[in-house]
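J.: Fold the following, please.
(one chain, ligands or ions: 1)
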Amino acid sequence: MRIVVDTDLCQGHAVCQDEAPALFTVPKNGTVQIQRADPGGDLEAARAAVRYCPTRALSIVDDESADSQQS
Ligand code: SF4
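T.: Numbers count the residues shown, from 1 in each chain. Predicted structure coming up:
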């Protein structure tokens, strides 16, 4: 699992930081910075951040299933 951000969409609302402070930092007037791309034990918080991001800038990619689809 890996968190991906589309910085073109991010408007710095910081909802993600509220949902998963261990994973996201949003500087004042900036766009989100991912602290840890692999959500690990914070997967539920990461999912909430993806769900509530007002601009849908976040997504969670499952690398393993992406790999298996390619082969
Ligand atoms: S909630 Fe979405 S728009 Fe807001 S800072 Fe996080 S990624 Fe950016």
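
J.: Mind listing residues that contact stretch 21-39?
T.: With CB atoms under 8 Å, 6 or more residues apart in numbering as the test, stretch 21-39 has contacts from 1-5, 7, 10-14, 16-17, 20, 42, 45-46, 49, 57-58, 60. Backbone N, C-alpha and C define where each C-beta goes, glycine included.

J.: Now intersect those residues with the strands, please.
T.: Judged by DSSP state E, those include 2, 3, 4, 5, 58, 60 as members of strands.

J.: What confidence value was assigned to the third one?
T.: This means residue 4. Note on residue 4: pLDDT of 97.

J.: Same check on residue 18?
T.: We have a pLDDT of 98 for residue 18.

J.: One more: the one 3 residues further on?
T.: On the pLDDT scale, residue 21 is placed at 98.

J.: so how many other residues sit close to it?
T.: Residue 21: 15 surrounding residues under other CB atoms under 10 Å.

J.: Phi, psi for it please.
T.: Backbone torsions of residue 21, given as degrees, to the nearest 10, read phi -60, psi -20.

J.: which residues of this protein fall in helices?
T.: Using DSSP state H, the helices of the chain run over 15-19, 43-52, 63-70.

J.: which strands and helices sit next to the first one?
T.: Contact partners of helix 15-19 among helices and strands, from 3 or more CB pairs under 8 Å, 6 or more residues apart in numbering; DSSP states H and E: strand 24-25, helix 43-52.
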